[in-house]
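Visitor: Quick one: sequence and predicted model below, then my questions.
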Amino acid sequence: MPMMNAKEYEESLKKLNLVVYMFGERVENVVDNPILRPSLNAVAKTYELAHMPEHEDLMTTTSHITGNKINRFTHIHQNVTDLVKKSKMGRLLGRKTGCCFQRCVGMDSMNALSIVTHNIDEKKGTEYKKRFLKFLEYVQENDLTCDGAMTDPKGDRSLPPHKQTDPDLYVHVIEEREDGIVVRGAKAHQTGATNSHEIIVMPTVAMREDDADYAVSFAIPSDTQGIYYIIGRQSCDTRKLEGGNMDQGNLYYGGQEALVIFDDVFVPWDRVFMYKEYEFAGQLVESFAAYHRQSYACKVGVGDVIIGASQTIAEYNGAEKASHVKDKIIEMNHLNETLYSGCISCASEGHKTPSGTYLVNILLANVHKQNVTRFPYELARIAQDIAGGLMVTLPSEKDLESPETGKWIEKYYQTKPDVNTRDRMRILRLIENLTLGTAAVGYLTESMHGAGSPQAQRIMIARNVNMDEKKKAAKALCGIIK
Ligand code: SF4
Ligand code: FE
């Protein structure tokens, strides 16, 4: 089957029968819901760009299992060039959407599973890789979007899964049957969950033998019986219900997170990729995390948007020639390109694993993500500095349209004769959206906690740095060792 285009993707979602709740009510039409729709549009962009000749090289590739042309989001990285193109694709989509486009989590979980199912089979003589490849081929041939579901609610952080007061605070197996397993639990903050055809579940922490029931990985269709979605709300989300086309800031795209509940869900054996192999849970977490930390190339693309918006408002305000404004824009570019260097370098320094799949340099991927927990906040701070206070005191679009008040807004918020006051309001709303509104989830808080909170990267940096080599270098130079 050829790759889907954006329209076909939308049609494919319409066929799903998801059980979604938002604001205390069941969402009957998920695809056309005004709050959810921008998030669907953002994923649809990954389908749309794949059909554009100018983006074909980044957005598509050749399947290593079928030889067919596929969307890169369904690909298993076969070399360093694949890894580098993945980073570039993330920046491109971040720039095109100005938000989280959600499809990376599935790609990253499939790449991690291609490594870990191979390693489990090697050690235990199991057949996980065969099952996984069958699933992968199905995903590639049907050009599906997958939700990579890792983060459990986790309850009391000081306790392992099996010691929690409520055993369901981590996803676990509650029944083993001849034809499969039954699982219960939940995954929190699931990016793009209701825009996905499949959910790929993975454990969220390294585990010991006592936690074997929790060491489980599998994939199931997103509308499987027993799965429930509760949409997370975002700052200013109800602006999307107000009509008009200005106050949302980003008029077309947005992110989405949901709490996904698995209420005794049956998973057939051929969709189970890890079953009680607790000693491999940590490896799956680490490989997924490394890939997903690389994926934060997306924030470089959103950074491009925020820099463009800052330059634009400076020009609209007549402030673009002020030396401090010029310097602030340089600082924004410096920070954003430093982020770019990180996601390119961890890809360029990638290596082949025994499975044949290429994995990013884990140390550099963690360094990159650690920078992502900081630099977007600084970029947002500078953008707000350049934008000025009007970004948060601006009247609504309805006031602008009102015959009583519109004339005053037009009069008192004009700057230069060649600047349209409406355009000035639009760009301010975009900066508001990126730094305080719905997109701030994706640009700021997701930068902080997505793919693991800052401390998770610091642990990995400590673990992956070669301290002996550094000590040796120092000792050799001052004569402690020869
Ligand atoms: Fe992809 Fe970035 Fe969204 Fe994660 S935050 S799913 S890396 S776009
Ligand atoms: Fe994320």
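Guide: Looks like it arrived, so ask away. Residues are numbered from 1 along each chain as shown. Ligands and ions are numbered 1, 2, ... in the order given.
Visitor: For the stretch 351-482 of the chain, which segments are assigned as helices?
Guide: 362-372, 375-387, 390-393, 397-401, 406-412, 421-435, 438-440, 446-449, 454-464, 467-477 (DSSP state H, counting those that start in this stretch).
Visitor: Nearest residue to the residue nearest the centre of the chain in space, please, no chain neighbours.
Guide: Compute the mean C-alpha point of the chain, and by C-alpha atoms, centre = their mean the closest residue is Gln102, 4.9 Å away. Of all residues not flanking Gln102 in the chain, Gly192 sits nearest, at 2.7 Å (C-beta to C-beta, 6 or more residues apart in numbering). (Glycine included, C-beta is placed from N, CA and C.)
Visitor: for that neighbour, what are its contacts?
Guide: By C-beta atoms under 8 Å, 6 or more residues apart in numbering, the residues touching Gly192 are Ser39, Val43, Cys100, Phe101, Gln102, Arg103, Val105, Thr145, Asp147, Gly255, Gln256.
Visitor: Show the backbone phi and psi for the closest residue to ligand 1 within the stretch 101-250 of the chain.
Guide: Per C-beta to the nearest ligand atom, Cys104 is where the stretch 101-250 of the chain lies closest to ligand 1, at 3.2 Å. The phi and psi torsions at Cys104 (degrees, to the nearest 10) take the values phi -70, psi -30.
Visitor: can I assume the residue nearest to the centre of the chain is in contact with Asn195?
Guide: Yes: Gln102 is in contact with Asn195 according to C-beta atoms under 8 Å; the separation is 6.0 Å.
Visitor: Show me the common contact partners of these two, please.
Guide: Ser39, Val43, Thr145, Gln256.
Visitor: and the closest residue to Arg37 other than its chain neighbours, how many neighbours?
Guide: Excluding the flanking residues, the one nearest Arg37 by C-beta to C-beta, 6+ apart is Val31, at 7.4 Å. For Val31, the neighbour count with other C-beta atoms under 10 Å is 18.
Visitor: What distance do you get for Gly406 to Val419?
Guide: Counting by C-beta to C-beta, to the nearest Å, the separation of Gly406 from Val419 is 17 Å.
Visitor: what bits of the stretch 301-450 of the chain have low per-residue confidence?
Guide: Applying pLDDT under 70 to the stretch 301-450 of the chain picks out no residues at all.
Visitor: Next to ligand 1, which bits of it? Give me the list.
Guide: Gly442, Glu446, Gly450 (C-beta under 6 Å from any ligand atom).
Visitor: same thing but 8 Å
Guide: Gly442, Glu446, Ser447, Gly450 (C-beta under 8 Å from any ligand atom).
Visitor: ranking those residues by neighbours, who comes first?
Guide: Highest neighbour count within those: Gly442, with 31 neighbours (other C-beta under 10 Å).
Visitor: mind checking the SS state of the closest residue to that residue other than its chain neighbours?
Guide: Closest residue in space to Gly442, ignoring its immediate chain neighbours: Cys100 at 3.8 Å, by C-beta to C-beta, 6+ apart. For Cys100, the assignment made with DSSP: H, G, I helix; E, B strand; the rest coil gives coil.
Visitor: Run a quick neighbour tally on Cys100.
Guide: If we define neighbours as other C-beta under 10 Å, then Cys100 has 29 of them.
Visitor: I'd guessed it sits against Ala42; true?
Guide: Yes: using C-beta under 8 Å, Cys100 is in contact with Ala42, at 6.9 Å.
Visitor: what residues are shared contacts of these two?
Guide: Gly255.
Visitor: Just the CA atoms of stretch 472-482, as CSV, please.
Guide: Once non-C-alpha atoms are left out, stretch 472-482 reads as follows in CSV (Å, rounded to 0.1, in the frame of the first residue of the first chain):
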residue,chain,number,x,y,z
LYS,A,472,44.6,9.8,32.6
ALA,A,473,44.9,12.8,30.2
ALA,A,474,45.3,15.1,33.2
LYS,A,475,47.7,12.9,35.1
ALA,A,476,49.9,12.3,32.0
LEU,A,477,50.4,16.1,31.5
CYS,A,478,51.6,16.9,35.0
GLY,A,479,53.8,13.8,35.3
ILE,A,480,51.7,11.7,37.7
ILE,A,481,51.7,8.9,35.1
LYS,A,482,53.9,8.3,32.1
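Visitor: and it, what's its mean pLDDT?
Guide: Average pLDDT, stretch 472-482: 97.
Visitor: Now do it: distance to the chain's middle.
Guide: 44 Å (C-alpha atoms, centre = their mean, to the nearest Å).
Visitor: do the same with stretch 225-236
Guide: On C-alpha atoms, centre = their mean, the centre of stretch 225-236 falls 16 Å from that of its chain.
Visitor: first vs last residue of that stretch, how far apart are they?
Guide: Distance between the boundary residues of stretch 225-236 (C-alpha to C-alpha, to the nearest Å) amounts to 32 Å.
Visitor: Check which residues of that stretch are buried.
Guide: For stretch 225-236, burial by neighbour count (16 or more other C-beta atoms under 10 Å) applies to Ile227, Tyr228, Tyr229, Ile230, Ile231, Gly232, Gln234, Cys236.
Visitor: pLDDT, distance to Gly389 and secondary structure for those residues - can I get that in CSV?
Guide: Listed next are these as CSV, based on pLDDT from 0 to 100; distance: C-beta to C-beta, whole Å; DSSP: H, G, I helix; E, B strand; the rest coil:
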residue, pLDDT, distance to Gly389, secondary structure
Ile227, 98, 45, strand
Tyr228, 98, 42, strand
Tyr229, 98, 38, strand
Ile230, 98, 36, strand
Ile231, 98, 32, strand
Gly232, 97, 29, coil
Gln234, 94, 23, coil
Cys236, 93, 18, coil
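Visitor: so the top helix by length along the chain versus helix 375-387, what angle?
Guide: Determined from DSSP state H, the single longest helix within the chain is helix 323-348. Angle of helix 323-348 versus helix 375-387, following axes from the mean of the first three to the mean of the last three C-alpha atoms, to 10 degrees, is 160 degrees.
Visitor: so the one helix or strand Lys85 maps to versus helix 323-348, what angle?
Guide: Per DSSP states H and E, Lys85 falls inside helix 80-97. For helix 80-97 against helix 323-348, the angle by the same axes, to 10 degrees is 140 degrees.
Visitor: for ligand 1, what are the nearby residues on the stretch 101-250 of the chain?
Guide: Where the stretch 101-250 of the chain comes near ligand 1, counting by C-beta under 8 Å from any ligand atom, the residues are Phe101, Gln102, Arg103, Cys104, Val105, Asp108, Thr191, Gly192.
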